[in-house]
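**Student:** For reference, the sequence and a predicted model appear below.
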Amino acid sequence: MTNEPRPTPAFPAIRMRRNRKADWSRRLIAENSLSPNDLIWPLFLIEGKGKREAIPSMPGVERLSVDEAVRAAGEAVSLDIPVIALFPHTPMEKRDPLGSLATDPDNLVCQATRAIKKEFPGLGVLCDAALDPFTSHGHDGVMEGERILNDETVEILIRQSLLQVEAGCDIIAPSDMMDGRVGAIRAALEEAGHKDTQIMSYAAKYASAFYGPFRDAIGSSGALKGDKRTYQMDPANGDEALREVALDIAEGADMVMVKPGLPYLDVLYRVKQAFGLPTFAYQVSGEYAMLAGAIGNGWLDRDRVILESLLSFKRAGADGILTYFAPAAARLLKGL
């Protein structure tokens, strides 16, 4: 006997098109699948009642008052979307250098969390832990001159996280990229008796040019002084992402996230392969705006490009995706 590998049969013995010839066959051999269970729907909040405010840089996405956010939560439940994520729009007059509104138990995120959990207790609510929606300088942390103060910021993030959990938040998602914040938040949650609260860490968050429309949505674009390259990751680095993820897992993260999404599918794949932890990707505002703009101009097939873009995350290893296309995708997947 020989140990040499047998040659792979070639055409015509192998015809790859045989398995693609019919819809039932394509469905039978599909390696990855997408369902509403894979989706997290980010919502933007504004003050007022009965208000829906369009975001010009994100066609089809609106800022919602708390009562309208509750209505959207009901839509998520009807579409089997398991989690919504909440982000507040804060006008400049309510911002300050410390992001004080982040630790106000009556801020928009806490109000909306309480209202949504009262009406839909079975719907998951994810709350962002970061200061950029609240600071007058637009950064994710407290500043001293041009420098972000890591440890002082973490202390504020702890208070912000505890308030959000007390309001009913299920998942705390630290997006600030301060060192040590996951461990500090986990320890505070344990001490306060919130032992079952999940942490989804923005573990590999890049200093990306794809965040512009999001900053418009939360009112930070005009406020931001400088950039965030001293604390968010360099787009040139992939190995560093694995170090960041490993640290957050060791500090108590239950789930990790790669952000942005499509430009970083290689990082997403490496993270999932290396750690096997529940891993998520964020199809960020710039990705959404590009696709929505091309769809609006008739350059791309709306339904197909929405599902194809989301399926690419699954193929790369994502267990779920944060996407502004969540309700549209869920309707397509449910045949509505």
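**Tutor:** Now that the structure is in, tell me what you want to look at. Since the model is a prediction, treat every value here as computed from it, not as a measurement. Residues are numbered from 1 along each chain as shown.
**Student:** what about residue 33, how many residues close to it?
**Tutor:** 10 (other CB atoms under 10 Å). For every residue, glycine as well, the C-beta is placed using N, CA and C.
**Student:** Now do the contacts for it.
**Tutor:** By CB atoms under 8 Å, 6 or more residues apart in numbering, the residues touching residue 33 are residue 314.
**Student:** Where does it fall, secondary structure wise?
**Tutor:** For residue 33, there is no enclosing helix or strand under DSSP states H and E.
**Student:** I'd like the numbering to begin with 234 instead of 1 from here.
**Tutor:** Yes, from this point I'll number from 234; that puts the last item at residue 266.
**Student:** measure it to residue 543 for me?
**Tutor:** Here the distance between residue 266 and residue 543 works out to 11 Å (CB to CB, to the nearest Å).
**Student:** One more: residue 318?
**Tutor:** Distance, residue 318 to residue 543, using CB to CB: 16 Å.
**Student:** So what does the closest residue to residue 463 other than its chain neighbours look like in phi/psi?
**Tutor:** Using CB to CB, 6 or more residues apart in numbering and skipping residues adjacent in sequence, the residue nearest residue 463 is residue 381, 6.2 Å away. Backbone torsions of residue 381, given as degrees, to the nearest 10, read phi -80, psi 130.
**Student:** Just list whatever residues bridge to residue 381.
**Tutor:** For residue 381, the beta-bridge partners under DSSP bridges are residue 376.
**Student:** Quick check on residue 318 and residue 543: which one has the bigger neighbour count.
**Tutor:** Higher neighbour count among residue 318 and residue 543: residue 543, with 23 against 20, using other CB under 10 Å.
**Student:** need the contact list for that one.
**Tutor:** By CB under 8 Å, 6+ apart, the neighbours of residue 543 are 267, 271, 272, 516, 554, 556, 558, 562.
**Student:** export those to TSV and tack on neighbour count and secondary structure?
**Tutor:** Formatted as TSV, the contacts of residue 543 follow (neighbours: other CB atoms under 10 Å; DSSP: H, G, I helix; E, B strand; the rest coil):
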residue	neighbour count	secondary structure
267	20	coil
271	23	helix
272	25	strand
516	26	strand
554	24	strand
556	25	strand
558	24	coil
562	26	helix
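**Student:** pLDDT weak spots in this structure?
**Tutor:** 234-241 (pLDDT under 70).
**Student:** Could you pick out the longest helix of it?
**Tutor:** In the chain, taking DSSP state H as the definition, the longest helix is helix 383-400.
**Student:** Just the buried positions in that helix, please.
**Tutor:** 383, 386-387, 389-391, 393-398, 400 (16 or more other CB atoms under 10 Å).
**Student:** Pretty sure residue 428 sits against residue 422.
**Tutor:** Yes - at 7.1 Å, residue 428 and residue 422 qualify as touching, with contact defined as CB atoms under 8 Å.
**Student:** neighbour count winner among these two?
**Tutor:** Taking neighbours as other CB under 10 Å, residue 428 and residue 422 compare with residue 422 leading, 21 against 9.
**Student:** what packs against the helix or strand hosting that one?
**Tutor:** Using DSSP H and E, residue 422 maps to helix 414-424. Packed against helix 414-424 by the contact rule (3 or more CB pairs under 8 Å, 6 or more residues apart in numbering; DSSP states H and E) you find helix 383-400, strand 404-407, strand 431-438, helix 472-484.
**Student:** want to try a markdown table for those, with distance to residue 350 as columns?
**Tutor:** As requested, those are arranged in a markdown table below (distance: least, CB to CB, whole Å):
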| stretch | distance to residue 350 |
| --- | --- |
| helix 383-400 | 8 |
| strand 404-407 | 12 |
| strand 431-438 | 15 |
| helix 472-484 | 26 |
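**Student:** Quick one: closest of these to residue 416.
**Tutor:** helix 472-484 (3.4 Å; CB to CB).
**Student:** helices or strands up against that closest one?
**Tutor:** The contact analysis (3+ CB pairs under 8 Å, 6+ apart) places helix 472-484 against helix 414-424, strand 431-438, strand 488-492, helix 498-508.
**Student:** Same list (these) but as JSON lines, adding distance to residue 446.
**Tutor:** Formatted as JSON lines, the helices and strands packed on helix 472-484 follow (distance: least, CB to CB, whole Å):
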{"stretch": "helix 414-424", "distance to residue 446": "25"}
{"stretch": "strand 431-438", "distance to residue 446": "16"}
{"stretch": "strand 488-492", "distance to residue 446": "14"}
{"stretch": "helix 498-508", "distance to residue 446": "20"}
